[in-house]
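In: Return atomic coordinates for the entry below.
(chains A and B)
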There are 2 protein chains.
Amino acid sequence: MRGLWLENQNMSYRENIPVPQPAKDEALIRVLRAGICNTDLELMRGYYPFTGIIGHEFVGIVEQASQPAWVGAKVCGEINVSCGECSECRGARFIHCTARTVLGISGRDGAFADYLTLPLRNLHRVPQGVSDDEAAFSEPLAAAVGILEQVAVHPTDRVVVIGDGKLGNMISQVLALTGANLLAIGMFKEKLALLEKRGIATGFAQDIVPHKADVVVECTGDPTGLELARLAVRPRGTIVLKSTYKGTATVNFSAIVVDEVTLVGSRSGPIGAALSLLAKRVVDVLPFIQTHFPLEKGLQALEAAAKPGAKKIILTIAE
Amino acid sequence: MRGLWLENQNMSYRENIPVPQPAKDEALIRVLRAGICNTDLELMRGYYPFTGIIGHEFVGIVEQASQPAWVGAKVCGEINVSCGECSECRGARFIHCTARTVLGISGRDGAFADYLTLPLRNLHRVPQGVSDDEAAFSEPLAAAVGILEQVAVHPTDRVVVIGDGKLGNMISQVLALTGANLLAIGMFKEKLALLEKRGIATGFAQDIVPHKADVVVECTGDPTGLELARLAVRPRGTIVLKSTYKGTATVNFSAIVVDEVTLVGSRSGPIGAALSLLAKRVVDVLPFIQTHFPLEKGLQALEAAAKPGAKKIILTIAE
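Out: Residues are numbered from 1 along each chain as shown, chains lettered A, B, ... in the order given. Below you'll find the model as predicted:
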């Protein structure tokens, strides 16, 4: 089969990759579309050592499965594959499984290929009315929804989202559903305009009212985002950390103690809930799409995705 | 009256300080005993610019008050004096009042003197059976109790307390009351022995089981404590931050995002609950006392308190 293969930080397009053999509890999934994520670019830069097929945002069709009811289903999938036996799994923290593999990121070939395999328990059927392009966003949208699994946001809360990238936009859309008093802070007028169109208030860093927000989400992808978050959050307020980047950040922890601020690291979330929001048409991910590339032009697609200010590039792998 | 006066990082013992005049809602309190806290030493080192009488751990007798029922009462006091009108006070976060003064720390003369004033709403009567020495610990003990106001600790939780100073010891004692599986980590055998005597398991850094603790409390007073806390906490676990120190700490925030760890800054807590624990004899603070000094030997007392490994020094101000 065809696929984009990463090895020693070199990416290649290959046509002679063997089709993966699903294990007993797994499905063989024919990939329809797959989105290029910043993590894919980070893997190419050596963020984490990985050899194999990258890609983890996908929608596909189940071609083989031990349970016949799944065959032919259009699905998205939870990308963390857990062992079910370690202390994290026993604590129902499956995405933190100590023996986990992660689709296209760690120990498991990913979605930039004709086929992938995932356990049936990882799969979610794509609801009626959700397009393939939309479904390809279920994984990053789930990461936005995950915030509400970790932190209670009330309609009476002041919420500030710092970051106007794709993730920041989805987070703002999802948190706006709570009815909270929300302000999205960004750097680019045209990105913020997407939120303004949906009735979400936006602004720049200078529009932050110091120390008034109950909940702040930091999703700039940059260490400086945390400084703005500290400026925005009130004493005893909560900062949700969504940014991952290489290296460290330096923080005045004494001030966090004095102000009794809570910092909550937040990685991923529930794919099923993300698909459900898409089906209800209450979030809109289509404006993020820049363009589509066929899989055989995957290297060009990755190049386009790495350009500053690029929007979402989607690989069209099958119809 | 007599008092220890800080000015431009110079501490002096004075005998000609005017007795403070209580405002309408305030009590005039004759100080009996007052404990020397690390914050007092930090103020002398310039942690925060303050001019006046330092000291905030005290027990005293109400000598004057607009409500006669208070006169003659033996009291401890909440040290943050709030305005009652700002957004923090309206949100019931009184210790974060934006216009607050803090006894012996910020904008308000403190307890290392014959008299102090505090609003009646800040006062708590010392229960029967609690000695003056014990009551002098109510403020730091309250800081330990405050953790349980912010974080739920269950009998099924694994808890690690990192830090064997006085605060760390009190935190271990208070958290042990929850019935949690508790391990106190320290550096000094003789300090840990105080906890062992009370049936609390103790160990050194090498005894930390990596990534298993549901709740970790970092109270070492040092940036390296956070590294140990990160080692101890499980994915989606909670680190309570209690340490304040000059300067910053450098942290890999991406790892906090990936592991979805929560960091909770925690400063102070409820004095009334601390006095109640002392009255119930379920925590023991007396082993921390090194010695007593009379107020007029306050400079020597501060010097003794600043020595490495010093235990609690208490100023005996009146009987």
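In: was I right about A:Asp259 contacting A:Arg236?
Out: Yes. Using Cβ atoms under 8 Å, A:Asp259 is in contact with A:Arg236, at 7.5 Å. From N, CA and C alone the C-beta is placed, and that goes for glycine too.
In: Looking at those two, which one has more neighbours?
Out: A:Arg236 (21 against 18; other Cβ atoms under 10 Å in any protein chain shown).
In: Spatially central residue for chain A, please.
Out: The centroid of chain A falls nearest to A:Pro140 when counting by Cα atoms, centre = their mean (2.3 Å).
In: returning to that earlier point: name the residues contacting each of A:Asp259 and A:Arg236.
Out: B:His96 (Cβ atoms under 8 Å, 6 or more residues apart in numbering or on different chains).
In: lowest-confidence helix or strand of chain A?
Out: Lowest mean confidence among the helices and strands of chain A (mean pLDDT, DSSP states H and E): strand A:249-251, at a mean of 87.
In: in its sheet, what does that strand sit against?
Out: Strand pairing for strand A:249-251, using DSSP bridges, gives strand B:249-251 (antiparallel).
In: Can you give the contact residues for the partner strand?
Out: The contact list for strand B:249-251 (Cβ under 8 Å, 6+ apart) reads A:Thr248, A:Ala249, A:Thr250, A:Val251, A:Phe253, B:Pro223, B:Leu226.
In: Just the buried residues of that strand, please?
Out: Within strand B:249-251, the residues that count as buried by 16 or more other Cβ atoms under 10 Å in any protein chain shown are B:Ala249, B:Val251.
In: Could you give the separation of that strand from the chain centroid?
Out: Taking Cα atoms, centre = their mean, to the nearest Å, the mean C-alpha location of strand B:249-251 is offset from the chain mean by 24 Å.
In: got it, and stretch A:181-197?
Out: The gap between where stretch A:181-197 is centred and where its chain is centred comes out at 19 Å by Cα atoms, centre = their mean.
In: Quick one: end-to-end length of that stretch, please.
Out: 16 Å (Cα to Cα, to the nearest Å).
In: List the buried residues in that stretch.
Out: A:Asn181, A:Leu182, A:Leu183, A:Ala184, A:Ile185, A:Gly186, A:Lys191, A:Leu192, A:Leu194, A:Leu195.
In: May I ask which two of those are separated the most?
Out: Maximum pairwise distance in the buried residues of stretch A:181-197, criterion Cβ to Cβ, is 21.0 Å, between A:Asn181 and A:Lys191.
In: Grab the CA positions of stretch A:30-41 and hand them over as CSV.
Out: Extracted C-alpha coordinates of stretch A:30-41, given in CSV (Å, rounded to 0.1, in the frame of the first residue of the first chain):
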residue,chain,number,x,y,z
ARG,A,30,-9.3,2.0,4.8
VAL,A,31,-8.4,5.6,5.3
LEU,A,32,-10.6,8.2,3.4
ARG,A,33,-9.1,11.5,4.6
ALA,A,34,-6.4,12.5,7.1
GLY,A,35,-5.5,15.9,8.5
ILE,A,36,-2.0,17.1,8.9
CYS,A,37,-1.4,18.3,12.5
ASN,A,38,1.4,20.3,14.0
THR,A,39,2.5,17.2,15.9
ASP,A,40,3.2,15.5,12.5
LEU,A,41,5.6,18.4,11.7
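In: Please work out which residue of the stretch 201-319 of chain A is closest to chain B.
Out: A:Pro235 (3.4 Å; Cβ to the nearest Cβ).
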